[in-house]
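Colleague: Structure of the sequence below:
(chains A, B and C)
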Amino acid sequence: MSTTTAPIPAEVKRHTVGHHFNNAEQEFSAAKLGFWIFLCTEVLMFGGLFVGFIYFRTFLAETFLVAHRTLSIPIGTVNTVVLITSSFTMAMAIRSAMVNKLGQMKMFLWATFLLAGAFMAIKLGIEWPPKFEHGTLPAKFFNAEHAFEAYPFLASVESPHIFYSLYFVMTGMHGIHILIGMGLLLWIIKRAYAGEFYSGFFTPLEIFGLYWHFVDLIWIFLFPLFYLVG
Amino acid sequence: MSTTTATPAPATEMDRWPEKHYWNATKGLKSWLFTVDHKRIGMMYLISILTAFFLGGVFAILVRTELLTPGETIVGAKTYNQLFTLHGAVMVFLFLVPSIPAAIGNFVLPMQLGAKDVAFPKLNLLSLWVYWLGSAFAIYSLFAGAVDTGWTFYTPYSLQTDTAVVSMVFAAFILGFSSILTGLNFIVSIHKLRAPGMTWFRMPLLLWALYATSVIQLLATPVLAITLLLIAAERIFGVGIFDPALGGDPVLYQHFFWFYSHPAVYIMVVPAFGVISELVATFTRRPIFGYRFVALSSLAIAFIGFFVWGHHMFVAGQSEYAGMVFSFLSFFIAIPTAVKIFNWTATLFKGSNWLASPMIYAIIFLVQFTIGGLTGLFLGALSTDVHFHDTYFVVAHFHYVMMGGTVFAFIGGLHYWWPKMTGRMYNEKLAKVAALILAVGFNMTFFTQFILGTRGMPRRYYNYLPEYGFLHGFSSIGSYILAAGFVLIAFYLVQSLISGAKAGANPWGASTLEWKTPSPPPTENFPDTPHVQTGPYVYAEEGLDASRRAA
Amino acid sequence: MPTNDSILFPPQASTYAADVDALYYFIHYVAIFFWVLIVATIFYFLWRYRRGHKEGVGPTHSLPLELTWSIIPLILVIAMFFWGFRGFMVLSRAPGDAEEIHVTAKKWLWNFEYPNGQQAIGELHVEVNKPYKLIMTSEDVIHSFYVPSFRNKMDVLPGRITTFWFEATMTGEHQVFCTEYCGDGHSDMLAKVVVHTPEDYQRWLEESQVEDTTTPLPELGERIFAGKGVCHTCHSTDGSTKVGPTFKGLFGRQEQLADGSTVTVDEEYIRESILQPGAKVVQGFAPTMPTYQGQLTDREVAGLIEYIKTLQ
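Modeller: Below is the predicted model of the structure:
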């Protein structure tokens, strides 16, 4: 990893600053301020769900303690590592743009995309199918017969379906954010190939990076709450 | 008091009707639907929210007509329940929340900052499209069975009724994003795009108000979003979080709902405070008395407003101690609000007071909003609230602040900035007559409802005991007078577009930056970036300028 | 209904009502004082300092004024808070010796169950100057029990119990409203608290145990229709459709049932519908009618049938 900025490649598309901004610095700092504010709204939205979690965890403590054992800690850990690595590759992509190493930048962007895909594949392909089999599903889909067969201890607690409702709503909300991120990332990769990003302009990468780290952070709260502590 | 409306001969180059301005800069429907010009976006918002106001108003007239007599008057119980629900939902989500920020703020804010546009013009356009998308869902739900839950969607009733709850909550969910995007844009614009020399305490008070509102929009709306999603999920999938039959808690729903909806009422009224500051400054030709206190009181209201939601739930089954905390905090909001009223009143002292039509609306606001605010005291006190909760007293209180307050301020602001937005003056005499009609109609309709409330008349009642008949009838007649006033306003505003006098750059003699451009303004607002050297309310000379001395 | 002494309020019919009204009037006069002060000042300044006056320019700020008009209102509102809080604690906490009555709310009626097991729909009979505590729950959605002349209300929740206590100080009938929107019949979900003197209460107790054998059947039926049966909440007598079918012209009518079969409305059908309402539901109506099994005597059911026959 070089620390010196390479010269701007010739094929790069030079960025024009918006007509309502005075200069590129103002535009960049406005974009960052705007996105941090948006992240506040995301914190509040997920926050509402976390409050719901805390509320039911308090009133159905035993149910949560017992039901969380049906989640797979190894798979959850693997997914956590995958996501944290993808945050690292995203940060590296931004760094590469800053020093005009555009080939490296594209590689790191693809790595982030693939890791995100791996997260979803592990979740949807490995982690969730057994849940469907065993009927440990949210809300009205909770199949008591199958669930109690697979996990007899579930039969002794109150309202186990609420645990699974919260689990699927919260990790599902998070998963939707990952998918949206993957879509945005593809768009960014397309723009990267079109030569839009270089040391003088990498705002979309910076903004996406903020988003991606946030999504990672949410998972870092979800994982211990659901998988480790219950 | 003067009644003149004619503009004197153009005093400056800027008073001439501009050749190129934001209306004719580009042509065609597409150039409007895909514009990034904040002024065009503001105008499209204006048309949209006025349409929503008309729709909500039609529902209101139907409600009041049904209430002319006990029992069935024009519709059955279920239809009546849908009508009051739709009146509330349309007025709150499609009209009041966007109104001043989206229709007036989008137009005026960049200009008052001395900027060419908001920080994120494309996001601004997106917020308009999202508003239209949300409104489309709301209109769709009207035809898919409507909603009969009240705009508050309390569970478990909202989980069981067979009306189109999911599409209506989805509409509100989408509309929330429009609100968030507007707020985000305003905050970044105020932080980053102030003209050189415009420090925070040199900003016009409308900007302080919009800033405080934007903070509330950003922090409160996401909680509503997730609450509405959970209602939809519960109806479709039976999640079980709010439904007691599935192990959930209906009071938890109320906490989630009011955590947004109480700050939401400040989203609706704080921008109105900003408009009133602008009107009072211009029409007294003085800086607002206690500028810093007025500016910071908007932030104080925004802050305190997040901690009082439980005052909607004193008898909901929450603990007495929760009730105590919420009641105590609720009273604190009265103080920054009172501070504003006192400061506006003090501004009139030795001002050069001009009772032009926008100022008439501001004065009526002061009279009516003060009633609305003071009646909040009865509701903040625990023991009196027990008697008044869910009665017409509450209905009267919130109509006094939301309509007697926000709507009147909005109409005042619409009149004030009308010349800037359209380049035309409206008929001043008709405007004054309309203001009087509105005031009479409004107070007839809603003051009566305080008395209905103290006498125990519950709200959301289709049928009522005969002893309440006279007051209901009186209130309904008032609502027809109110409607007539709005029709008159629509008439002369449209008339002004066709044959109104050309306004010139600054027909009111105002001091903020938007008045230093031609009317209507050019797309780029200011050809050169303005440099600010003073506070916002400094007038060319004390007393009148020549053009108005004759009047 | 007792007549009103004041324009604004129903009579004060409970031990805590006077305190609630007193706080109301305190806030009321404070509010009027400030409103008049503000509005008068506004209009005076508007007139005295209208454009063209020669009195010079006013000040732009004043810290002493800001403090004054912040601190004085603050003191006043804190006083309001304490008074309201104190009153609220009285409203919320029943005395230990209060007699308990169980209340069940459901769309759209109030059912009262007395300690002796007796039940009544729509009417709560109590003694004056005696504390009662209502133990309330709902069978479906949130309702709210409100007695304006007592100045108290409390939401009634499904899956939970809430309480409402009172000691009535005035005899007579006191209106009860449901004050949490609960659907089509919300505004008809009424009840009465009937407050008796001790002697009257005893008399009512005896009478309610004794069957009414003298009132002619149709008249008895009409009384029950409008009174304790609360049938009028869901059934009209003028032909209009409410929650349930109209009673006008009901007797002898051919009705199509939800399962497709037809039935002629006779004495047996009406009786069955009162006691087992879910058995033969008319097509187009929801099966929400509660059963009156155990609530009405045979004679009362017969009275209802005879009353319905008169509605042609």
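
Colleague: By residue count, what's the longest helix in the chain?
Modeller: Going with chain A. helix A:24-59 (DSSP state H).

Colleague: let's do chain B instead
Modeller: Scanning chain B for the longest helix, with DSSP H as the assignment, gives helix B:250-284.

Colleague: And that helix, what does it pack against?
Modeller: Under the contact criterion of 3 or more Cβ pairs under 8 Å, 6 or more residues apart in numbering or on different chains; DSSP states H and E, helix B:250-284 touches helix A:24-59, helix B:205-237, helix B:291-304, helix B:320-347, helix B:357-380, helix B:392-401, helix B:408-422. For every residue, glycine as well, the C-beta is placed using N, CA and C.

Colleague: change it to 7 Å
Modeller: If you count contacts as 3 or more Cβ pairs under 7 Å, 6 or more residues apart in numbering or on different chains; DSSP states H and E, helix B:250-284 packs onto helix B:205-237, helix B:291-304, helix B:320-347, helix B:357-380, helix B:408-422.

Colleague: So which of the ones you listed is nearest A:Leu166?
Modeller: helix B:205-237 (10.3 Å; Cβ to Cβ).

Colleague: Any buried residues in the closest one, and which?
Modeller: By 16 or more other Cβ atoms under 10 Å in any protein chain shown, the buried positions in helix B:205-237 come out as B:205-235, B:237.

Colleague: How about stretch B:491-505?
Modeller: Per 16+ other Cβ under 10 Å, stretch B:491-505 contains these buried residues: B:Tyr492, B:Leu493, B:Ser496, B:Gly500, B:Ala501, B:Ala503, B:Gly504, B:Ala505.

Colleague: Shouldn't C:Tyr146 be within a helix?
Modeller: No. Applying DSSP: H, G, I helix; E, B strand; the rest coil, one finds C:Tyr146 to be strand, outside a helix.

Colleague: okay, now it: neighbour count?
Modeller: Using other Cβ atoms under 10 Å in any protein chain shown, the number of residues around C:Tyr146 comes to 26.

Colleague: name the element the residue nearest to it when sequence neighbours are not counted belongs to?
Modeller: Closest residue in space to C:Tyr146, ignoring its immediate chain neighbours: C:Lys153 at 3.8 Å, by Cβ to Cβ, 6 or more residues apart in numbering or on different chains. Element membership of C:Lys153 [criterion: DSSP states H and E] is strand C:152-156.

Colleague: starting at the chain centroid, how far to that strand?
Modeller: Counting by Cα atoms, centre = their mean, to the nearest Å, strand C:152-156 is centred 9 Å from the centre of its parent chain.

Colleague: And for stretch B:102-122?
Modeller: Stretch B:102-122 has its C-alpha centroid displaced from the chain centroid by 18 Å (Cα atoms, centre = their mean).

Colleague: In PDB, could you pull the C-alpha coordinates for that stretch?
Modeller: Provided in PDB are the C-alpha atoms of stretch B:102-122 (Å, rounded to 0.1, in the frame of the first residue of the first chain):
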ATOM      1  CA  ALA B 102     -42.300  22.700   2.000                       C
ATOM      2  CA  ALA B 103     -44.400  25.300   0.300                       C
ATOM      3  CA  ILE B 104     -43.100  28.500   1.800                       C
ATOM      4  CA  GLY B 105     -39.700  27.300   3.200                       C
ATOM      5  CA  ASN B 106     -38.500  25.800   0.000                       C
ATOM      6  CA  PHE B 107     -39.100  29.000  -1.800                       C
ATOM      7  CA  VAL B 108     -37.900  31.500   0.800                       C
ATOM      8  CA  LEU B 109     -35.100  29.700   2.800                       C
ATOM      9  CA  PRO B 110     -32.400  29.700   0.100                       C
ATOM     10  CA  MET B 111     -33.200  33.300  -0.700                       C
ATOM     11  CA  GLN B 112     -33.100  34.500   2.900                       C
ATOM     12  CA  LEU B 113     -29.700  32.700   3.200                       C
ATOM     13  CA  GLY B 114     -28.500  34.600   0.200                       C
ATOM     14  CA  ALA B 115     -27.900  31.300  -1.600                       C
ATOM     15  CA  LYS B 116     -28.700  30.100  -5.100                       C
ATOM     16  CA  ASP B 117     -30.500  27.000  -4.000                       C
ATOM     17  CA  VAL B 118     -30.700  24.400  -1.100                       C
ATOM     18  CA  ALA B 119     -27.700  22.200  -0.400                       C
ATOM     19  CA  PHE B 120     -29.100  19.200  -2.200                       C
ATOM     20  CA  PRO B 121     -31.400  20.300  -5.000                       C
ATOM     21  CA  LYS B 122     -32.000  16.800  -6.400                       C
END
